[in-house]
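Asks: I'll drop the sequence and a predicted model, then ask my questions.
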Amino acid sequence: MIRNRRAKIVATVGPASNTPEMLETLFEAGADTFRLNFSHGTHQDHLAVIRAIRALEQKKGTPIGVLQDLQGPKIRLGRLNRGEKRLRGGDLVPIVCRDTNETGNAWPLPHPEVFEAIGAGDRLLIDDGRIRLRVVEAGSERITAKVTHGGSVKDKKGVNLPDTRIDLPGLTEKDHADLLLGLEAGVDWVALSFVQQAEDIEKLRTLVGDRCGLIAKIEKPSALTDIDRIVDTSDGVMIARGDLGVEIPPEDVPGHQKKIIQTCRRACRPVIVATQMLESMVDAPGPTRAEASDVATAIYDGADAVMLSAESATGNYPVEAVTVMDRIAVRTERPAGGCANLDEKTANGASPENTIARMAARVADELSSPAIVAYSLSGSTAWRVAAARPAQPIIVITPDLAVARRMALT
């Protein structure tokens, strides 16, 4: 066994980590699954990374997971005049439905669906909520908004609309092209961004079939109201706290995080806690104490995996970030730590299969067994045992390499 821990680490690949040498270093530091963010980079870039990961897998003789993260219908500003603008509180900002506005003062927002749905009083949050505006006047081609919190804004920054329900397709044309590439390259997981309801995952399932696992990213308030069905429909869940923490009050995020983790464990679905876990390590060689507690809390709550985003993709200390996350996970899982137990009557469901898996974990604990061995054709047996979070390591024996790779997230 190459790891002395149970929780897994997902490392996002980017300019700071996309060489074969760096991928190997990150794997040795503790990365179990690599995330490819298709919001950035070319198809050629991503294919080169996937080939390097598969070569590394052969070299190390152990399965490594590859997670393709689709961009989804992300709302972004167009190209601003001179590439950057500065806003002050109280400014009135004209916003127009076009991709660029290089000569005028109006802000381009190339999303006609926004203009159709938004109304006076609705909020526009730019760049993860750093810049905040409130709509004064709304029209089909022009919006006037007042700046409530100003700052500097650059091209193509994301826009969140927490007060506006927008009818957006679950998959864009870009997502379709990216998905085809990922399936042909043999990714192990596909993550769908901005899931709002279970039907979004069902539509993706018709395209993917059983060629890979499907992960629902929870980052919209509407997803929280349909979380039980979304978890049941998905193969895994990612709690994407960046956008979620902009769309809902930040003080509500921890409670929803705990609830989603519990829901996923009862449904025997792997769950990832993501975004800003070691954010300060983008620029610093060590984490804050609060960040260390954040990672540990996710593991105490029973998350399957914790994820690095910018820390490993574009940060100055990608290896240190993975190393620190590995150390926190190992220390948290010591006998005095562990993770939160579910109520035994409701833990990982009440089906015969789930009950047998849960009792196997209990017997192993009472007999002080050194390990639990799960024979699994599809991975479901392994997920059922893992959902009980036994103290013993779980060894999964499967004839299917694709299933073994998916275990790198469990």
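Replies: Looks like it came in fine. Residues are numbered from 1 along each chain as shown.
Asks: Please make it C-alpha for all contacts and neighbour counts, starting now.
Replies: OK.
Asks: Kindly tell me how buried residue 259 is, as a neighbour count.
Replies: Per other Cα atoms under 10 Å, the neighbour tally for residue 259 reads 14.
Asks: May I have the predicted confidence score for it?
Replies: We note a pLDDT of 97 for residue 259 in this prediction.
Asks: quick one: secondary structure of it?
Replies: Classification of residue 259 using DSSP: H, G, I helix; E, B strand; the rest coil returns helix.
Asks: Residue 286 versus that one, what's the distance?
Replies: Distance, residue 259 to residue 286, by Cα to Cα, to the nearest Å: 30 Å.
Asks: can you check residue 113 too?
Replies: In this view, residue 113 and residue 286 are 43 Å apart by Cα to Cα.
Asks: Those two: which is more packed in?
Replies: Higher neighbour count among residue 113 and residue 286: residue 286, with 16 against 13, using other Cα under 10 Å.
Asks: wait, the more buried one sits on residue 322?
Replies: No. Residue 286 is beyond contact range of residue 322, at 10.8 Å (criterion: Cα atoms under 8 Å).
Asks: Who are the contact partners of residue 63?
Replies: 57, 401, 404-405, 408 (Cα atoms under 8 Å, 6 or more residues apart in numbering).
Asks: Contacts for the lengthiest helix in the chain next, please.
Replies: If you go by DSSP state H, the chain has its longest helix at helix 43-60. The contact list for helix 43-60 (Cα under 8 Å, 6+ apart) reads 18-20, 23-24, 36, 63-64, 66, 178, 181, 185, 187.
Asks: Got the confidence number for residue 341?
Replies: Predicted confidence (pLDDT) for residue 341: 68.
Asks: And residue 349, by the same measure?
Replies: With respect to pLDDT, residue 349 has a value of 56.
Asks: Let's verify residue 251: helix, strand, or coil?
Replies: Following three-state DSSP, the label given to residue 251 is helix.
Asks: That one and residue 245: what is the separation?
Replies: In terms of Cα to Cα, residue 251 sits 8 Å off from residue 245.
Asks: So for those two, which sits in the more crowded spot?
Replies: Neighbours were counted for residue 251 and for residue 245 using other Cα under 10 Å; residue 245 has more, 20 against 9.
Asks: Can you name the helix or strand that the more buried one falls in?
Replies: helix 241-247 (DSSP states H and E).
Asks: packing partners for the helix or strand encompassing residue 207?
Replies: Using DSSP H and E, the element containing residue 207 is helix 198-208. With contacts taken as 3 or more Cα pairs under 8 Å, 6 or more residues apart in numbering; DSSP states H and E, helix 198-208 sits against strand 213-218, helix 227-233.
Asks: what's the most buried one of the ones you listed?
Replies: Counting by mean count of other Cα atoms under 10 Å, strand 213-218 has the highest mean neighbour count of these, with a mean of 26.
Asks: relative to helix 198-208, how tilted is that strand?
Replies: 150 degrees (axes from the mean of the first three to the mean of the last three Cα atoms, to 10 degrees).
Asks: Just the residues contacting strand 213-218, thanks.
Replies: Taking Cα under 8 Å, 6+ apart as the rule, strand 213-218 contacts 188-195, 201, 205, 224, 230-231, 234-241, 244, 406.
Asks: Same check on stretch 116-132?
Replies: Counting by Cα under 8 Å, 6+ apart, 133-140, 147-153, 157-166, 242-243, 246 sit against stretch 116-132.
Asks: Could you tell me how far that stretch lies from the centre of the chain?
Replies: 23 Å (Cα atoms, centre = their mean, to the nearest Å).
Asks: Could I get the average pLDDT for that stretch?
Replies: Here the average pLDDT along stretch 116-132 is 92.
Asks: what do you get for stretch 219-231?
Replies: On average, stretch 219-231 scores 94.
Asks: Endpoints of it, how far apart?
Replies: End-to-end span of stretch 219-231 (Cα to Cα): 14 Å.
Asks: Please apply the same query to stretch 28-35.
Replies: Distance between the two ends of stretch 28-35: 16 Å, counting by Cα to Cα.
Asks: one step back: going through the contacts of strand 213-218, which ones are buried?
Replies: 188-195, 201, 205, 224, 230-231, 234-241, 244, 406 (16 or more other Cα atoms under 10 Å).
Asks: Convert the one helix or strand residue 306 maps to to PDB, retaining C-alpha atoms only.
Replies: Applying DSSP H and E as the criterion places residue 306 in strand 305-308. Presented in PDB, the C-alpha positions along strand 305-308 are these (Å, rounded to 0.1, in the frame of the first residue of the first chain):
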ATOM      1  CA  ALA A 305     -11.400  13.500  -0.800                       C
ATOM      2  CA  VAL A 306     -10.100  17.000  -0.300                       C
ATOM      3  CA  MET A 307      -9.100  19.000  -3.300                       C
ATOM      4  CA  LEU A 308      -6.500  21.600  -4.300                       C
END
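Asks: next helix or strand past it?
Replies: The first helix or strand that comes after strand 305-308 along the chain, using DSSP H and E, is helix 310-313.
Asks: Check which helices and strands that following helix is in contact with.
Replies: Using 3+ Cα pairs under 8 Å, 6+ apart, the elements in contact with helix 310-313 are strand 8-13, helix 318-332.
Asks: So for residue 357, which of the ones you listed sits nearest?
Replies: Evaluated over these, closeness to residue 357 peaks at strand 8-13, with 20.6 Å, by Cα to Cα.
Asks: Please list all residues in contact with the closest residue to residue 294 other than its chain neighbours.
Replies: Spatial nearest neighbour of residue 294, excluding adjacent residues (Cα to Cα, 6 or more residues apart in numbering): residue 277 at 6.5 Å. Residues near residue 277 by Cα under 8 Å, 6+ apart: 291, 294-295, 306-308.
Asks: from the residues you listed, which is closest to residue 76?
Replies: Minimum distance to residue 76 across the contacts of residue 277 is 22.9 Å, recorded for residue 308 (Cα to Cα).
Asks: Could you list everything the closest one pairs with in the sheet?
Replies: residue 11 (DSSP bridges).
Asks: Just to check, it is in contact with residue 278?
Replies: Yes. In this structure, residue 308 is within contact of residue 278 by Cα under 8 Å, at 7.2 Å.
Asks: Look up the residues forming beta bridges with residue 100.
Replies: Bridge pairing for residue 100 - DSSP bridges - gives residue 79.
Asks: Could I get the contacting residues of it?
Replies: Taking Cα under 8 Å, 6+ apart, one finds 78-81, 108 in contact with residue 100.
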